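Colleague: let's see this in three dimensions:
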Amino acid sequence: MPTKGMRSLLFHHKAPSFSVHPSPSRSSISFPTPRRYPSAGLSFSDAMIEEIIGNAAVLAIKWDPEASGYANVTSMFYESKTEAHLFIKSVNDLQKVMHFLVAEDPTSEKLVHGHSLMQIAMKRLQKEFYQILSTNRAHLDPESVSTRSRSSRANSVSTSDDEIDDGAVTDEDLRFAGESVSEAEQVSSVAMADLKSIAECMISSGYAKECVHIYKMIRKSIIDEGMYKLGVERFASSRIHKIDKEVLDIRIKNWLNAVKVAMTSLFNGEKILCDTVFAVSNSIRESCFTHIAREAATLLFGFPQALVAKSKNFSSEENIFRLLDMYTAISENWPEIDSIFSFDSTATVRTQALNSLIKIGETVRSMLSDFEASIQKESSKTPVAGGGVHPLTQRVMNYLSILTDYSNVLADIFVDCPPPAKGLLPEFDSPNSEESSAPPICHIMAWIVLILICKLDGKAKNYKDVSVSYLFLTNNLQYVISKVRSSNLQYLLGEQWITKYEGKVRQFAVSYEQLAWGKVFSTLPENLTAEVSPDEARLVFRNFNFSLEEAFRKQKTSVVPDEKLREEIKALLIKTLVSVYKEFHDTHRVSVGSARNLALNVRLTPEDVEAYLSDLFSGTTEPVTSSSRRRSH
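Modeller: Numbers count the residues shown, from 1 in each chain. Coordinates of the predicted model:
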């Protein structure tokens, strides 16, 4: 699933924002305007203490949800951003005054009053914190947070005390801020800044527990909902083996998509949000993120390990590709996994991801070993018609050619595997033949191909006609080479390997030609132009005609599926046999005698011979001859 679909995946409905309507009780309440004052230093005068407590009392009472119906239904941060920041500042200064009074006069009535105001203020901020988190679910979804972090981190709204003194971020400022940032990203940025200011205020005031509880409760529900909608859900590992193959395929596809979305949006966005909101405290950031994401991430990365450990549906060869896809998903996202779950308390996530990689690697090695054994155990003795490509050759080479699409992953999985015994495999191309050696995966692939070639050599012996056995070897080795050439096998086996076996294909083809058509060649004298008697000429022509037709009858069902190879073999036959016969034919045709003798003894012209040979290896059972049979007497 594309990352951009994350918001619609996680949230069906956007939570409504506060809508403030004039309240009957609001018009009858008159609040004095709090005065601004310089930041408190190390000591306070009585006048400053009175002023700070007074300003805090004004705002605390105005926004006390238990004292005002209006304050209970609206949001301070939504209603007036400027006043919200003044509220935060007044609470921060009240906290400083209270610390001062505790040291100077712990029995002061002002301290008792300040504590009472602080409790009212904290209830207000708890409510604001909850409202911002819950009403901005759609704008604080991990995708929006991730996007906002990439595009507008430099423009994020600051709510430090110094900026309040220099000029607070007002509603007017927000209207013109971030012109290059989308509306959703602006809302996300503003909400994060508000949450951060509230969190810092509550933490510094000793109310971190209440703040963190709200944050964990709401954000964990978002992560859990997101994982569920991505198709990642908890199930008993003991029941995996009972899942139908089709259902298992769907689960794997969902998991592959879930890893992508989770690492680019879900966990990444949550980490960014957590780091931003609780930037003031490393321990709180770790505690919150761990509580919110660890369980979901462990569940996500535990799926592959549980799957290969319990499922009986993974015995078939094609399932290795699903495992390699899962291995790739984890390994490609490992830098993000290591970064996002870098806390000590999330080490279990990293460990689980590594354990899944290890278990997948073990299973892949086992499955490839089983595949190798299945080649060796293949025992069919029925020859392939016409010396064509054996199903075993197709199965093995198609499998390997697809498998090497995962060359990098396989190289990682087999990095510690010892190569076969020295001398069993051909030399590999290497930039430094003395200092460099091919990685184990190269040896493993070459070994499997060698097993196949040896197996084919045994199957060639099942043909009664030895010439067809060589054609069988020619066809199958050519198929092997074509699959190597058209896949990543060419990089694993190297050009030296390919060149060696291309030479073997030519050798097999020559052996086929000699065995299948050697008797035809032998009917012609070594000296084609030497003078012979008419009877000797007639005998040569008769023997040639008979041998050619007999050879054609034997070879007419032979096939060469590879078009290029087919044309090369035919071209070689035509070039050699037709040219030899033509020389003898043109020299001795007239010595045969009468037209009747010519028709009886010289039934094939060089054009007829070429027609015979041109019809070979394509499945045609009857030759198309030239006009020789219609020539005049």
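Colleague: use CA for all of it now, contacts and neighbours both
Modeller: Will do.
Colleague: quick check: buried residues in the lengthiest helix in the chain?
Modeller: Criterion DSSP state H: the longest helix present in the chain is helix 489-522. By neighbour count with 16 or more other Cα atoms under 10 Å, helix 489-522 contains the buried residues 489-490, 492-494, 497-498, 502, 504-505, 508-513, 515-517, 519-521.
Colleague: what does stretch 212-219 give?
Modeller: Buried residues in stretch 212-219, defined by neighbour count with 16+ other Cα under 10 Å: 212, 214-216, 219.
Colleague: out of the residues you listed, who's nearest N268?
Modeller: Nearest to N268 among the buried residues of stretch 212-219, counting by Cα to Cα, is R219 at 13.3 Å.
Colleague: the helices in the stretch 301-450 of the chain, which residues?
Modeller: Per DSSP state H, counting those that start in this stretch, the stretch 301-450 of the chain carries helices over the ranges 319-332, 334-340, 347-377, 391-403, 407-413, 440-460.
Colleague: so can I have CSV of those showing distance to H113 and mean neighbour count?
Modeller: Formatted as CSV, the helices of the stretch 301-450 of the chain follow (distance: least, Cα to Cα, whole Å; neighbours: other Cα atoms under 10 Å):
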stretch, distance to H113, mean neighbour count
helix 319-332, 57, 19
helix 334-340, 44, 16
helix 347-377, 46, 18
helix 391-403, 75, 17
helix 407-413, 67, 17
helix 440-460, 76, 19
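Colleague: TSV for the ones you listed, including mean pLDDT and distance to S579?
Modeller: Below are the helices of the stretch 301-450 of the chain laid out as TSV (pLDDT from 0 to 100; distance: least, Cα to Cα, whole Å):
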stretch	mean pLDDT	distance to S579
helix 319-332	94	53
helix 334-340	95	67
helix 347-377	94	44
helix 391-403	96	36
helix 407-413	94	49
helix 440-460	94	31
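Colleague: pick out the most distant pair among the buried residues of stretch 212-219.
Modeller: Greatest spatial distance among those (Cα to Cα): V212 and R219, at 10.4 Å.
Colleague: picking that back up, and after the longest helix of the chain, which helix or strand comes next?
Modeller: Counting by DSSP states H and E, the next helix or strand C-terminal to helix 489-522 is helix 534-555.
Colleague: what's the angle between that next one and helix 489-522?
Modeller: Helix 534-555 and helix 489-522 meet at an angle of 150 degrees, taking axes from the mean of the first three to the mean of the last three Cα atoms, to 10 degrees as the criterion.
Colleague: buried stuff in helix 534-555?
Modeller: Of the residues in helix 534-555, 537-545, 547-549, 552, 555 count as buried by neighbour count, 16+ other Cα under 10 Å.
Colleague: show me the contacts for M397.
Modeller: For M397, the contacting residues are 480, 483, by Cα atoms under 8 Å, 6 or more residues apart in numbering.
Colleague: gap between it and G503?
Modeller: Here the criterion is Cα to Cα, to the nearest Å. By it, M397 lies 19 Å from G503.
Colleague: and for S369?
Modeller: According to Cα to Cα, S369 stands 29 Å off from G503.
Colleague: now the phi/psi pair for E79, please.
Modeller: Dihedral pair for E79: phi -70, psi -50, per degrees, to the nearest 10.
Colleague: tell me the pLDDT at it?
Modeller: Looking at E79, its pLDDT is 85.
Colleague: cool, and E427?
Modeller: E427 is given a pLDDT of 52.
Colleague: same check, this time on L572
Modeller: At L572, pLDDT is 88.
Colleague: burial measure for it, as a count.
Modeller: 14 (other Cα atoms under 10 Å).
Colleague: quickly find the element holding it.
Modeller: helix 563-573.
Colleague: which residues sit against that helix?
Modeller: Counting by Cα under 8 Å, 6+ apart, 478, 509, 513, 560, 613-614, 616-617 sit against helix 563-573.
Colleague: following that helix, which helix or strand comes up?
Modeller: If you walk from helix 563-573 toward the C-terminus, the next helix or strand you reach (DSSP H and E) is helix 579-588.
Colleague: show me the shaky parts of this protein.
Modeller: Applying pLDDT under 70 to the chain picks out residues 1-43, 141-184, 235-242, 310-315, 419-436, 592-601, 619-633.
Colleague: next, count neighbours for A438.
Modeller: 16.
Colleague: between the contacts of helix 563-573, which sits nearest E128?
Modeller: Relative to E128, the closest of the contacts of helix 563-573 is Q478; by Cα to Cα it sits at 74.2 Å.
Colleague: would you mind measuring from that closest one to K570?
Modeller: Going from Q478 to K570 by Cα to Cα gives 16 Å.
Colleague: more neighbours: those two, which one.
Modeller: A count of neighbours by other Cα under 10 Å puts Q478 above the other of Q478 and K570, at 22 against 18.
Colleague: any idea which element the more buried one lies in?
Modeller: According to DSSP H and E, Q478 maps onto helix 466-485.
Colleague: show me what that helix is packed against.
Modeller: Judged by 3 or more Cα pairs under 8 Å, 6 or more residues apart in numbering; DSSP states H and E, helix 466-485 is in contact with helix 391-403, helix 440-460, helix 489-522.
Colleague: try it again with 10 Å
Modeller: helix 391-403, helix 440-460, helix 489-522, helix 534-555, helix 563-573 (3 or more Cα pairs under 10 Å, 6 or more residues apart in numbering; DSSP states H and E).
Colleague: can you list the domains in this structure?
Modeller: By the record's domain assignment, the chain is partitioned as 3-18+32-206, 224-366, 378-491, 523-630 (automatic domain parsing).
Colleague: hang on, the earlier thing: overlap of the contact sets of V212 and R219?
Modeller: Common neighbours of V212 and R219 are listed as C288 (criterion: Cα atoms under 10 Å, 6 or more residues apart in numbering).
Colleague: pretty sure A199 sits against D275.
Modeller: No: assessed by Cα atoms under 10 Å, A199 is found out of contact with D275, at 11.7 Å.
Colleague: ok so, going back, which of the residues in the helix holding L572 are buried?
Modeller: Quick answer for helix 563-573 (16+ other Cα under 10 Å): 565-566, 569-570, 573.
Colleague: can you redo those residues as CSV with distance to F321?
Modeller: CSV is the format used below for those (distance: Cα to Cα, whole Å):
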residue, distance to F321
L565, 32
R566, 34
I569, 38
K570, 40
L573, 44
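Colleague: ok, so of those, who is nearest V449?
Modeller: Of these, the one sitting nearest to V449 (Cα to Cα) turns out to be L565, at 20.7 Å.
Colleague: gap between that closest one and A438?
Modeller: L565 is 31 Å from A438, where distance means Cα to Cα.
Colleague: before we move on, what about L307?
Modeller: Between L307 and A438 the distance is 32 Å, computed by Cα to Cα.
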